[in-house]
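Novice: Okay, sequence plus prediction incoming.
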Amino acid sequence: MNATQELRDEHEGIKVALLTLGRMSSNLDSGQAVDVDDLEAVVDFLRTFADRCHHGKEEDLLFPALERAGIPKEGGPIGVMLTEHAHGREQIRAMADAIPRLREGDLDARRDFASAAREYVRLLSDHIEKENNVLFPMADRHIPQEEQAELSEGFERIEQERIGPGVHERYHELLDRLSNKYLRAA
């Protein structure tokens, strides 16, 4: 499997998290009960897996490989992706900041969390489409297969170093549990 396919596969799990987060934020907006532990778990997944691990693979390995292949960082798709990663981190931080207030019963925190969640879902959904349909095909055309194999090996190292063994699988279990609770129950 080439490196970009690995990233596309990870996008599928991230999209489940986005759908679940979207439903959770709708529930918050409508005054329905949402388990704060579930909100915290989604934020942890987004912070740890989607950002530190997945975006880390892109920022530390894929984007530099694209630059070496002649794709410009400034004024090009890499710069756009980096800006969107930074904006996503701001929304994750806003959601995380609302969680302690949610635990205290602060009604404004419901709105604040839901607003940041909606913005994050919109941003990352669009971001994934750009990567899957523009950036990754560009990488497939410009990065030789042997370098793609090296990227895959580097991706595995990043995953082991940043989230540790078995965590990827635990996150899949979390996404299954939350999607069953929030998506299939509706």
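Specialist: Looks like it came in fine.
Novice: Disregarding flanking residues, what is the spatial nearest neighbour of the residue most central in space within the chain?
Specialist: Centroid check for the chain by C-alpha atoms, centre = their mean gives residue 50 as the closest residue, at 3.1 Å. Leaving aside its chain neighbours, residue 50 sits nearest to residue 14 (5.1 Å; criterion: C-beta to C-beta, 6 or more residues apart in numbering). For glycine as for every other residue, the C-beta is placed from the backbone atoms N, C-alpha and C.
Novice: Could you do residue 112 as well?
Specialist: Using C-beta to C-beta, 6+ apart and skipping the chain neighbours, the partner closest in space to residue 112 is residue 98 (4.5 Å).
Novice: Look up how far residue 7 lies from that neighbour.
Specialist: 29 Å (C-beta to C-beta, to the nearest Å).
Novice: What of residue 21?
Specialist: Taking C-beta to C-beta, one finds residue 21 at 20 Å from residue 7.
Novice: neighbour-wise, which of those two wins?
Specialist: residue 21 (27 against 24; other C-beta atoms under 10 Å).
Novice: who's in contact with that one?
Specialist: Residue 21 makes contact with 42, 46, 117, 120-121 under the criterion C-beta atoms under 8 Å, 6 or more residues apart in numbering.
Novice: quick check, nearest of those to residue 172?
Specialist: residue 42 (13.7 Å; C-beta to C-beta).
Novice: Skipping its backbone neighbours, what lies nearest the closest one in space?
Specialist: Nearest one to residue 42, counting by C-beta to C-beta, 6+ apart, is residue 21 at 5.3 Å.
Novice: just residue 56 next, same as before
Specialist: residue 158 (5.5 Å).
Novice: cool, and residue 138?
Specialist: residue 71 (6.4 Å).
Novice: How much space separates the one you found from residue 38?
Specialist: In terms of C-beta to C-beta, residue 71 sits 39 Å off from residue 38.
Novice: So which residues of this structure form helices?
Specialist: Secondary structure of the chain (DSSP state H): helices located at 3-29, 36-45, 56-57, 63-68, 77-103, 107-130, 136-142, 145-162, 167-182.
Novice: For the ones you listed, give me CSV that also has mean pLDDT.
Specialist: CSV is the format used below for those (pLDDT from 0 to 100):
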stretch, mean pLDDT
helix 3-29, 96
helix 36-45, 98
helix 56-57, 96
helix 63-68, 96
helix 77-103, 97
helix 107-130, 97
helix 136-142, 96
helix 145-162, 93
helix 167-182, 94
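Novice: tell me, how many neighbours does the closest residue to residue 182 other than its chain neighbours end up with?
Specialist: Closest residue in space to residue 182, ignoring its immediate chain neighbours: residue 23 at 4.5 Å, by C-beta to C-beta, 6+ apart. Residue 23: 21 surrounding residues under other C-beta under 10 Å.
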